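*Asks:* fold the following, please.
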Amino acid sequence: MNRMILSNLAHRPVRTTISVIAIAVEVVLILLIVGLSLGMLNDSRTRQHGIGADVLVQPPGSSFLVGLTGAPISVKVGDVLRTLPHVKTVAPVIWQLTTTGGALEVIYGIDYESYNTLIAGFHFLEGGPFRGPYDVIVDDVYAYGKGKHVGSQVEVMNHTFRISGVVEHGQGARKFLPLSTLQELVGAPGAASVFYVKADRPQDAELVVQEVHAYPGMQRYVVRSMQEYLSMMTPENVPGLASFITVVIGVCVGIGFIVLFQSMYTAVLERTREIGILKALGASQWYIVNVILRETFLLAISGTAVGILASLLAKAAILARFPTLPIQIQLPWIGYATAIAIVGALLGALYPAVKAARKDVVDAIAYE
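*Replies:* Predicted structure coming up:
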């Protein structure tokens, strides 16, 4: 049976190639789109964790998503927070979402002294702190991916900045501007988007949350411990992300189903006489179904392997062109994509297989 299946696939190379490519495209779509979605989310979570804060204070009604909150809090709120018993450090930050150079990124406007204390000190690989209002600190992923060094000029929000320092990645943004400069650029003097708060001890984070809410006038502010904040950064909590992934998977399954249905239905029509001869020789209905499904399974496995390889190559090519774009092709999702591709393909081949098994022997042999 296996020899016959391989011969059938080899005898029709164009149909076989198209089927394999269709399955590969299905797998590539799943791995790259899901990998990009999860990669951006996990990258943001990792960089938020690297800041070292214990509590975040945001204005009422703020989204937990980084960059979706503008600069509506007065920096004077920081003076209030510093008076609380269990607060050690308060760092005001502006989150500004930009699309400079076609890339979606969040710029941080920071008060260097307080932010540097918060993260236990920037680790500079080149250069040092801001020297002027139009200096920018960038992380190593951005700098070396773009071929930038200290003294290089970069475009940020339609203004030219000079790189004053290159730091290790994972401490918030990829680009840091002086707080006063970003306040001026976004038209929000004396304002911040969020306050990162470091407690005397990490275990005092919940105490700080209670103290902030207990302070007169601060009851409506959004205050979360960093542990709670990071736990919210999942596909289920990001508006629309889980639905988006579900739709992508549905479209991919549809592609595999339709292509394999058409391919195997055509194969059944082309091999009507062959099927009739097999049944005349004593082949059962299950035998005929088994032949069709095994052939489909082989196509699905081949297409999945090609798709995984193509996804890894595409990831490398994308990162070479866009080094700051996080794509995570995770092992569990390779397994999910494989299962989805195989199940979709077998479902697409099921009706043609049953149709072939039910053919009348005499009609099938007489088929021209």
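*Asks:* give me the buried positions along stretch 114-122.
*Replies:* 114-119, 122 (16 or more other CB atoms under 10 Å). No exception for glycine: its C-beta is placed from N, CA and C like everyone else's.
*Asks:* please enumerate the helices of the stretch 151-300 of the chain.
*Replies:* Ranges of helices in the stretch 151-300 of the chain, per DSSP state H, counting those that start in this stretch, are 179-185, 205-214, 226-231, 241-270, 272-280, 285-321.
*Asks:* so which bits of the shortest one are buried?
*Replies:* Within helix 226-231, the residues scored as buried using 16+ other CB under 10 Å are 226, 229-230.
*Asks:* where does pLDDT dip in the stretch 1-150 of the chain?
*Replies:* 1-2, 4-11, 63-71, 100-103 (pLDDT under 70).
*Asks:* go again using 90 as the cut-off
*Replies:* Where the stretch 1-150 of the chain drops to pLDDT under 90, the residues are 1-27, 29-30, 33-52, 58-74, 95-106, 118-121, 141-142, 144-147.
*Asks:* what does the stretch 251-368 of the chain give?
*Replies:* Using pLDDT under 90, the stretch 251-368 of the chain drops low at 251-300, 303, 318-330, 332-333, 336-337, 339-368.
*Asks:* need the three-state assignment for residue 345.
*Replies:* helix (DSSP: H, G, I helix; E, B strand; the rest coil).
*Asks:* got the contact list for it?
*Replies:* Residue 345 makes contact with 23, 256-257, 260, 296-297, 299-300, 303, according to CB atoms under 8 Å, 6 or more residues apart in numbering.
*Asks:* among those residues, name the buried ones.
*Replies:* Those of the contacts of residue 345 that meet the buried threshold are 23, 256-257, 260, 296, 299-300, 303, by 16+ other CB under 10 Å.
*Asks:* pipe the residues you listed into CSV and attach distance to residue 81 per row.
*Replies:* Formatted as CSV, the buried ones among the contacts of residue 345 follow (distance: CB to CB, whole Å):
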residue, distance to residue 81
23, 55
256, 54
257, 56
260, 60
296, 63
299, 62
300, 57
303, 56
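*Asks:* closest to residue 56 out of those?
*Replies:* Nearest to residue 56 among the buried ones among the contacts of residue 345, counting by CB to CB, is residue 256 at 42.9 Å.
*Asks:* these two touch, right, that closest one and residue 348?
*Replies:* Yes - Residue 256 lies in contact with residue 348 (CB atoms under 8 Å); the separation is 6.5 Å.
*Asks:* compute the inter-axis angle for the longest strand along the chain and helix 205-214.
*Replies:* Looking across the chain with DSSP state E, the single longest strand is strand 87-98. Per axes from the mean of the first three to the mean of the last three CA atoms, to 10 degrees, the angle that strand 87-98 makes with helix 205-214 is 80 degrees.
*Asks:* can you give me the strands in the stretch 51-200 of the chain?
*Replies:* 55-58, 73-74, 87-98, 105-110, 124-127, 135-139, 153-156, 159-167, 175-178, 191-192, 194-199 (DSSP state E, counting those that start in this stretch).
*Asks:* so how far is residue 284 from residue 355?
*Replies:* As for residue 355, its distance to residue 284 is 16 Å (criterion: CB to CB, to the nearest Å).
*Asks:* which of those two has more residues huddled nearby?
*Replies:* For residue 355 and residue 284, the more surrounded residue by other CB atoms under 10 Å is residue 355, and the numbers stand at 17 against 11.
*Asks:* which element is the more buried one on?
*Replies:* helix 331-357 (DSSP states H and E).
*Asks:* how far out from the middle of the chain is that helix?
*Replies:* 25 Å (CA atoms, centre = their mean, to the nearest Å).
*Asks:* quick one on the thing from earlier: how about the buried residues of helix 226-231 in a markdown table, adding pLDDT and distance to residue 266?
*Replies:* Shown next, in a markdown table, are these (pLDDT from 0 to 100; distance: CB to CB, whole Å):
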| residue | pLDDT | distance to residue 266 |
| --- | --- | --- |
| 226 | 88 | 58 |
| 229 | 84 | 54 |
| 230 | 84 | 52 |
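*Asks:* domain-wise, how is this protein divided?
*Replies:* Structural domains annotated on the chain: 2-42+240-366, 60-220, as defined by automatic domain parsing.
*Asks:* dump the ones you listed to TSV, plus distance to residue 234.
*Replies:* Below are the domains of the chain laid out as TSV (distance: least, CB to CB, whole Å):
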stretch	distance to residue 234
domain 2-42+240-366	8
domain 60-220	11
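*Asks:* nearest to residue 51, of those domains?
*Replies:* domain 60-220 (5.1 Å).
*Asks:* re the thing from before, out of the helices of the stretch 151-300 of the chain, which is the most enclosed?
*Replies:* helix 179-185 (a mean of 20; mean count of other CB atoms under 10 Å).
*Asks:* just the residues contacting that one, thanks.
*Replies:* 71, 75, 92-94, 96, 107-111, 133-134, 157, 159, 177, 189-192.
*Asks:* residue 233 and residue 45 touch, don't they?
*Replies:* Yes - in this structure, residue 233 is within contact of residue 45 by CB under 8 Å, at 4.4 Å.
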